[in-house]
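Peer 1: Let's see this in three dimensions:
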Amino acid sequence: MRLFQSGFNAFLCLLLLLILFALLQPWWSLPPEWNPRTPISLNDPVTPVTRWKLQQLRNTPQECLALLDSAADDSLKHTPLADYTPVKGCPLSNVVRIERTSVGFNAPFTLTCPVAVSWLMFERQRLQPLAEQHLGSPLARIEHFGTFACRNIYHRENARRSEHASAAAFDVAGFTTRSGVQVSVLKDWSNQAAANKSLFLHEAHDAACDYFGTVLGPDYNAPHANHFHLDNRNFGYCR
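Peer 2: All right, here's what the predicted structure looks like:
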C-alpha cells in the first residue's frame, strides 16, 4: 500500500508540474501521451498520464467502447454487451465479449472495457515484441483461466469482492507462438533449461505493470504460481 501511495503521489506532482508549465508557456504544447486533456489512443506510448487515462476509462463507458472500435478488424473481434447480472450479487457493467485480438484464445471471454483496452495496448506494444525477441516468433494463441467468477478474494467469507466478480480481471496462464513454441507460466517461470522462455515471462510480467493497476505472478504467492493476474484496481501494484 505504501508503494502504491508513493507512486501515486509522484504521479500527481509530475502531472501538476506539466500542467503548470503548459499554462505558463503558451508556445509549448504537450505531446498527446502527456496531455491529460487529449483522449487516449491505442497507440499512445505509456507515460504516467497514459496510465491515469486508462484508470479514467472506468468513468467514461462510451469513450472506452469507441476506443475499442478504433482497433483494426484484424487486431480485435469483440461485441459490446448490455449491463446484466449473470449471478445474483455480481452485476456486470461496461463489459465486452472478446473472441480474439491479434491472437486466438482457448475460449472467448467477457471483460470490462477498460481492462480490455489495457490488454490490447499491452499486447500490441509490448507482449508481441517480447515474444519475437525471446521466442523468435509472434504469439498466435493465449491460454487463460477466465475473467468472471462471482466470489470474494481467495474465496474468503469476510473478504472484499474479487475483481473477477465484476469481470474486471484477466488470468493468463500460457502462450503459443506462430512457430509452435509453447510457454507456461507454471512450468517456465523459473525454467533454467529454457532461459529464453523464463526471460520472456519475467519481462512480460514487468511490462504489464505499465498497463495494469495490479499485476500478480508466481513471485507473489502460491495461488498465482500458474498464471498472471491482471486488473486495474490499483495504480502500480506489481508483484
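Peer 1: Correct me if wrong, but I142 is in a helix.
Peer 2: No - counting by DSSP: H, G, I helix; E, B strand; the rest coil, I142 is located in no helix; its state is strand.
Peer 1: need the contact list for it.
Peer 2: 103-106, 172, 174-176 (Cβ atoms under 8 Å, 6 or more residues apart in numbering). All C-beta spots, glycine's among them, are computed from the backbone N, C-alpha and C.
Peer 1: So H205: helix, strand or coil?
Peer 2: With three-state DSSP as the basis, H205 sits in helix.
Peer 1: Go ahead and confirm it touches L216.
Peer 2: No - between H205 and L216 there is no contact under Cβ atoms under 8 Å: 9.1 Å.
Peer 1: Now the common contact residues for those two.
Peer 2: Counting by Cβ under 8 Å, 6+ apart, the residues touching both H205 and L216 are F228.
Peer 1: now the helices: where do they sit in this structure?
Peer 2: Applying DSSP state H to the chain gives helices spanning 2-24, 48-56, 61-69, 113-122, 128-135, 185-188, 195-208.
Peer 1: and of those helices, who's closest to N234?
Peer 2: helix 2-24 (5.4 Å; Cβ to Cβ).
Peer 1: Where does the prediction get shaky in the chain?
Peer 2: Scanning the chain with the threshold set as pLDDT under 70 gives 1-15, 17-28.
Peer 1: quick revisit: let me know which of the helices of the chain is tucked in deepest.
Peer 2: Using mean count of other Cβ atoms under 10 Å, the stretch among the helices of the chain with the largest mean neighbour count is helix 113-122, at a mean of 25.
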